[in-house]
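Participant: need a 3D model of the following:
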Amino acid sequence: MFFRSEPKWEVVEPLKDIGWRIRKKYFLMKIKNQPRERLVLSWADLGPDKYLSDKDFQCLIKLLPSCLHPYIYRVTFATANESSALLIRTFNEKGTLKDLIYKVLKFLHDKGFPYGHLHASNVMLDGDTCRLLDLENSLLGLPSFYRSYFSQFRKINTLESVDVHCFGHLLYEMTYGRPPDSVPVDSFPPAPSMTVVAVLESTLSCEACKNGMPTVSRLLQMPLFSDVLLTTSEKPQFKIPTKLKEALRIAKECIEKRLIEEQKQIHQHRRLTRAQSHHGSEEERKKRKILARKKSKRSAIENNEEHSAKYSNSNNSGSGASSPLTSPSSPTPPSTSEHAPF
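Facilitator: The predicted structure follows:
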């Protein structure tokens, strides 16, 4: 239906093995009058965190091509209906790169635009510049790649803190060449610089996950970022109408509310599991004690019965050997019939 209303686009072929989402599809595209220019179309259905009205959702999706920032990968075309969204970007064969992206996160946070989808595959290398991908994911309501991690920690309950925590995952993978084995991280392996470890500790350590994430502004003041000077000729630009800003604010609050409820349920489930485990172990101890008492009591009864039986047998054999002698009985007198006269 889309290509009937937009005849200038032509699908070349589907692109496989891109990304991790089951319901997100990619296609190689071209413009009919510019056949040498290759583009990528991404098409995704709505997710469980979609709280925008259909009208606001479609308006915001169509607004994405107007977002200009040196560290955001530009959208060429975007449209949506009540159940999905379709976006077209320039095709880049070099793929994505794990690189520093805090400047653009601060830009989005200052605009009140929810993101929450930072991970290695959403950072594109474009020449000497890294650009952020998939701004539409939060509008579509799609779940974050790292949701299973930050949903365990009740202090990571805003999309800003989610972005900071996700960057911790990305920086860890950039530093050590692999994702962390588990989160929170108890101890960090040696790193090329202690400034890197300081950022990792502020985003992935037990203390950070327990007490909450620092803001992007706070992290930008840390030595790893404060000494970096970024120069670009592109001027950031992303004008969001006031009405849509309010819609974004409400949608962001709904996303965060659902996250808080999920974290609450996980916390309650953990408490219940621990209580059941503790109760179960107490019950097992009680059962073992009761069984031990019963066994001890049964053994004592059996010992008493055995002792009583031995004592009884001993008494019986002893009374037959030592009984006093009795005098012989008098002879039986002869019967009267024997002495009767003839």
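Participant: which residues in this protein form helices?
Facilitator: Using DSSP state H, the helices of the chain run over 2-5, 54-63, 102-111, 136-140, 147-150, 159-176, 194-204, 206-211, 216-220, 223-226, 242-321.
Participant: out of these, deepest packed?
Facilitator: Among the helices of the chain, ranked by average contacts under mean count of other C-beta atoms under 10 Å, first place goes to helix 136-140 (a mean of 24). All C-beta spots, glycine's among them, are computed from the backbone N, C-alpha and C.
Participant: run through who's touching that helix.
Facilitator: The contact list for helix 136-140, computed with C-beta atoms under 8 Å, 6 or more residues apart in numbering, reads 44-47, 49-50, 52, 57, 60-61, 64, 75, 78, 84-85, 87, 113-117, 159, 251, 255.
Participant: filter the residues you listed down to just the ones in strands.
Facilitator: Ala44, Asp45, Ala78, Ser84, Ala85, Leu87 (DSSP state E).
Participant: how about those residues, which pair is most distant?
Facilitator: By the measure C-beta to C-beta, Asp45 and Ala78 form the most distant pair in the ones in strands among the contacts of helix 136-140, at 15.4 Å.
Participant: please say which of those two ends up with more neighbours.
Facilitator: Taking other C-beta atoms under 10 Å, Asp45 and Ala78 do not tie; Ala78 has more neighbours (23 against 16).
Participant: correct me if wrong: that one contacts Leu86.
Facilitator: Yes - shown here, Ala78 and Leu86 form a contact pair, counting by C-beta atoms under 8 Å, at 7.2 Å.
Participant: across the sheet, point out what pairs with the nearest residue to Thr76 once chain neighbours are set aside.
Facilitator: If the residues on either side of it in the chain are set aside, Thr76 comes closest to Ile88, at 4.8 Å by C-beta to C-beta, 6 or more residues apart in numbering. As for beta bridges, Ile88 partners with Leu41, Phe77 under DSSP bridges.
Participant: low-confidence ranges in the stretch 1-150 of the chain?
Facilitator: Counting by pLDDT under 70, the stretch 1-150 of the chain has low-confidence residues at 1-5, 93-100, 128.
Participant: mind redoing it with 80?
Facilitator: Scanning the stretch 1-150 of the chain for pLDDT under 80 picks out the ranges 1-7, 17-20, 92-103, 114, 125-129.
Participant: check the stretch 151-300 of the chain too.
Facilitator: In the stretch 151-300 of the chain (pLDDT under 80), the answer is 192, 226-234, 274-289, 292, 295-300.
Participant: can you rerun that using 70?
Facilitator: Those would be 227-233, 278-282, if you go by pLDDT under 70 across the stretch 151-300 of the chain.
Participant: one step back: show me which of the ones in strands among the contacts of helix 136-140 is closest to Pro241.
Facilitator: Nearest member of those to Pro241, counting by C-beta to C-beta, is Ala78, at 16.1 Å.
Participant: do you know how far the closest one is from Glu283?
Facilitator: Per C-beta to C-beta, to the nearest Å, Ala78 is found 59 Å from Glu283.
Participant: quick one, what contacts Leu133?
Facilitator: By C-beta under 8 Å, 6+ apart, Leu133 lies in contact with Tyr73, Arg89, Thr96, Ser121, Asn122, Val123, Met124.
Participant: excluding covalently adjacent residues, which one is nearest to the fifth one?
Facilitator: Spatially, and ignoring its direct neighbours in sequence, Asn122 is nearest to Leu133 (4.5 Å; C-beta to C-beta, 6+ apart).
Participant: so what does that neighbour have for phi and psi?
Facilitator: Dihedral angles of Leu133 (phi, psi; degrees, to the nearest 10) stand at phi -110, psi 170.
Participant: again with the one 10 residues further on
Facilitator: The phi/psi pair for Pro143 (degrees, to the nearest 10) reads phi -70, psi 150.
Participant: my read is that it contacts Ala44, right?
Facilitator: No - between Pro143 and Ala44 there is no contact under C-beta under 8 Å: 11.7 Å.
Participant: the two: which is more packed in?
Facilitator: Neighbours per residue (other C-beta under 10 Å) separate Pro143 from Ala44, with Ala44 holding more: 21 against 15.
Participant: any idea how far Pro7 is from Ser144?
Facilitator: In terms of C-beta to C-beta, Ser144 sits 36 Å off from Pro7.
Participant: ok, now Ser277?
Facilitator: 63 Å.
Participant: next one: Val185
Facilitator: Taken as C-beta to C-beta, the span from Val185 to Pro7 is 53 Å.
Participant: before we move on, what about Trp20?
Facilitator: Remark: distance between Trp20 and Pro7 (C-beta to C-beta) = 33 Å.
Participant: and for Leu63?
Facilitator: Going from Leu63 to Pro7 by C-beta to C-beta gives 23 Å.
Participant: cool, Leu170 as well?
Facilitator: In terms of C-beta to C-beta, Leu170 sits 40 Å off from Pro7.
Participant: same deal with Leu105?
Facilitator: Distance from Leu105 to Pro7, by C-beta to C-beta: 38 Å.
Participant: swap in Val164?
Facilitator: Taking C-beta to C-beta, one finds Val164 at 44 Å from Pro7.
Participant: quick one on the thing from earlier: of Val185 and Pro7, who's got more company?
Facilitator: Neighbours were counted for Val185 and for Pro7 using other C-beta under 10 Å; Val185 has more, 19 against 8.
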